[in-house]
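J.: build me a structure from this.
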Amino acid sequence: MPTTTSSTASLAERAVLAVRELIHDGGLLPGQPIRQLALAEQLGMSRVPLREALKNLQADGLVTASPTGGFEVTRLSADELGQFYLMRRLLESELLRRIEAVPESELELLAGLNARMAEMVDQPSRELRALNREFHFRIFGLAAGLGHVVAEVSRLWDRTVPYRAVYSSERSARALIVAEHDALLAALGDRDVERLVAVMDGHRSASERDVVHVLTRPGPVLG
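T.: Here you go, the predicted structure:
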């Protein structure tokens with residue numbers, strides 16, 4: 001039975017999510033060519049919806065067309081990555097400075113998220129990364145009326161997920177992340193905005209330094 005347009009679209013949407021997860025989880029590394037036939041078999045679909053998905057991911061900047069007519073995972077240069085971190089610093093700092101009242105219940109929820117991260121610090125995992133993201137974006141969401149700014153920060157995070165995974169691959173880095181989250185919570189609780197911004201700047205800069213170092217190596221990141 002021939003594949004309909006609607007079923008192809010549905011498969012393409014599933015492929016977008018699956019390939020995005022592979023990139024975020026390190027299953028596909030920055031700079032790595034995407035073997036479409038093997039990947040389509042892995043995902044249990046034909047190359048038609050997969051290729052449509054890759055075109056969508058190209059529009060998002062996660063994959064790049066290769067000279068051979070295929071696709072590869074986008075690899076940012078150190079300069080490009082630095083620009084993403086610069087944009088994050090400017091936007092995230094503004095969000096933090098716009099935070100006014102922080103309910104005690106929200107502080108308790110954030111502390112609970114970080115406590116769960118502390119329990120997982122011995123081993124990197126998708127759940128740990130998800131908790132880290134939720135921790136940060138609950139804080140950013142405290143800046144009322146800036147949903148578009150938060151959405152742009154989310155887009156910047158998505159573009160650099162594979163690189164930030166490099167930083168959190170070491171246990172010492174994961175332990176430091178949890179400790180720095182505690183410092184962020186203390187600044188939030190004290191309503192000390194400038195300390196909050198300063199701690200977040202240091203928190204962000206640590207990962208930037210590490211991934212920029214990795215980007216100076218030839219070949220796929222972590223490859």
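J.: so what does the spatially most central residue of the chain have for phi and psi?
T.: Geometric centre of the chain, nearest residue: residue 161, 3.1 Å, by Cα atoms, centre = their mean. Main-chain dihedrals, residue 161, degrees, to the nearest 10: phi -50, psi -50.
J.: what residues are up against residue 16?
T.: 53, 56, 57 (Cβ atoms under 8 Å, 6 or more residues apart in numbering). Heads up, the C-betas are built off the backbone N, CA and C, glycines and all.
J.: return stretch 40-52 as PDB; C-alpha atoms alone will do.
T.: In PDB, the C-alpha atoms belonging to stretch 40-52 read as follows (Å, rounded to 0.1, in the frame of the first residue of the first chain):
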ATOM      1  CA  ALA A  40      16.200   5.000   8.500                       C
ATOM      2  CA  GLU A  41      16.500   1.300   9.300                       C
ATOM      3  CA  GLN A  42      17.300   2.100  12.900                       C
ATOM      4  CA  LEU A  43      14.200   4.300  13.100                       C
ATOM      5  CA  GLY A  44      12.000   1.700  11.300                       C
ATOM      6  CA  MET A  45      11.100   3.900   8.400                       C
ATOM      7  CA  SER A  46      12.000   4.600   4.800                       C
ATOM      8  CA  ARG A  47      14.400   7.300   3.700                       C
ATOM      9  CA  VAL A  48      11.600   9.600   2.400                       C
ATOM     10  CA  PRO A  49      10.300  10.800   5.800                       C
ATOM     11  CA  LEU A  50      13.800  10.800   7.300                       C
ATOM     12  CA  ARG A  51      15.100  13.100   4.500                       C
ATOM     13  CA  GLU A  52      12.100  15.400   5.100                       C
END
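J.: tell me the buried residues in that stretch?
T.: Of all the residues in stretch 40-52, those buried under the rule 16 or more other Cβ atoms under 10 Å are 40, 43, 45, 49, 50, 52.
J.: closest to residue 151 out of those residues?
T.: For these, the closest approach to residue 151 (Cβ to Cβ) belongs to residue 52, at 24.3 Å.
J.: you'd agree that closest one is up against residue 14?
T.: No. Distance between residue 52 and residue 14: 11.0 Å, which falls outside the contact criterion (Cβ atoms under 8 Å).
J.: pull the longest helix from the protein.
T.: When secondary structure is assigned using DSSP state H, the longest helix within the chain turns out to be helix 193-215.
J.: mean confidence score for that one?
T.: What helix 193-215 shows for mean pLDDT is 88.
J.: same thing with stretch 118-126?
T.: Within the predicted structure, the mean pLDDT of stretch 118-126 is 89.
J.: as CSV, the contacts of residue 16 with neighbour count and secondary structure would be great.
T.: Output for the contacts of residue 16, formatted as CSV (neighbours: other Cβ atoms under 10 Å; DSSP: H, G, I helix; E, B strand; the rest coil):
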residue, neighbour count, secondary structure
53, 26, helix
56, 16, helix
57, 21, helix
